[in-house]
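A.B. asks: starting from these lines, generate the structure:
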Amino acid sequence: MDKRISFFFWGTVAVMALLCSPGETVASTYYVAPSSEVPLRTGTNNTKKIVAVLKDGTKVELLNEEGAWAYVRTAGGREGWILKRYLTEEPPPRMLLERLTKRNQKLLESYKTLKEQLNNLSKTGSKCNQKLAACMVSKQKLTNDFAALKREASNVIETRKLLAETQKQLQVANAERIKLKQRLSSLEANVAIKWFLAGGGVLLVGWILGIFTTKRRKRRPSLL
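C.D. replies: Sure, this is the predicted structure:
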């Protein structure tokens, strides 16, 4: 068990030492600096075999360093040694120009899109202004109609009050009329009774006078 732990410990130390050795570096992206064609060789010597010739601006991946030389890999998978003075972290002007051209093209497309949107918004704004003007006219009309309705409502309220008072007066007048009608009926009944009594009295007086007259007529012959 102790041997396994010791082996694991020393193995880890060895791996860390290899990773941190000064002759190696973490892979990173570089570009071939503007110059004439740069040879990619199999070793760190100008006499070594040339694997490929790199043009300026070629994108490479830095795998290792050794003195003035750098071990790189191209995008096509070629690997070899190149002098570090031919490498730069800055993209070449040609690539920057391409990037700026693409960015400018995108900005132009965005500008066209924004311009179209602005024109559409202007048209929409014009329509909104027309609708707003129509709404203002409608609002004024509604305000006038509301004022008229308010006046009419005030007149209706006054009319209702007057009607209620008139109905009360009419009810009082109807009550008075009913009372007067009842009194008139009572008076007419009294008058009829009086006329009846008066007629009966006249008949009675006539009858009495008739009796006296008859008696007087009967008495006169006896006196002769």
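A.B. asks: flag the shaky bits of this structure, pLDDT-wise.
C.D. replies: 1-27, 35-36, 94-96, 215-224 (pLDDT under 70).
A.B. asks: just give me the residue right at the centre of it.
C.D. replies: Per Cα atoms, centre = their mean, the C-alpha nearest to the average position across the chain is that of Cys128, at 15.9 Å.
A.B. asks: tell me which stretches of the protein form helices.
C.D. replies: For the chain, the helices defined by DSSP state H cover 2-19, 93-223.
A.B. asks: tabulate the ones you listed (a markdown table), appending distance to Leu40.
C.D. replies: Using the backbone N, CA and C atoms, a C-beta is placed for each residue, glycine as well. Formatted as a markdown table, those follow (distance: least, Cβ to Cβ, whole Å):
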| stretch | distance to Leu40 |
| --- | --- |
| helix 2-19 | 25 |
| helix 93-223 | 19 |
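A.B. asks: can you tell which of those helices is closest to Trp81?
C.D. replies: helix 2-19 (19.9 Å; Cβ to Cβ).
A.B. asks: tell me which of the helices of the chain lies nearest to Ala70.
C.D. replies: Of the helices of the chain, nearest to Ala70 by Cβ to Cβ is helix 2-19, at 18.0 Å.
A.B. asks: what sits against the closest residue to Arg78 other than its chain neighbours?
C.D. replies: In space, and not counting its chain neighbours, Arg78 is closest to Ala52: 4.9 Å by Cβ to Cβ, 6 or more residues apart in numbering. Contact analysis of Ala52 by Cβ atoms under 8 Å, 6 or more residues apart in numbering lists 39-40, 74, 78, 80.
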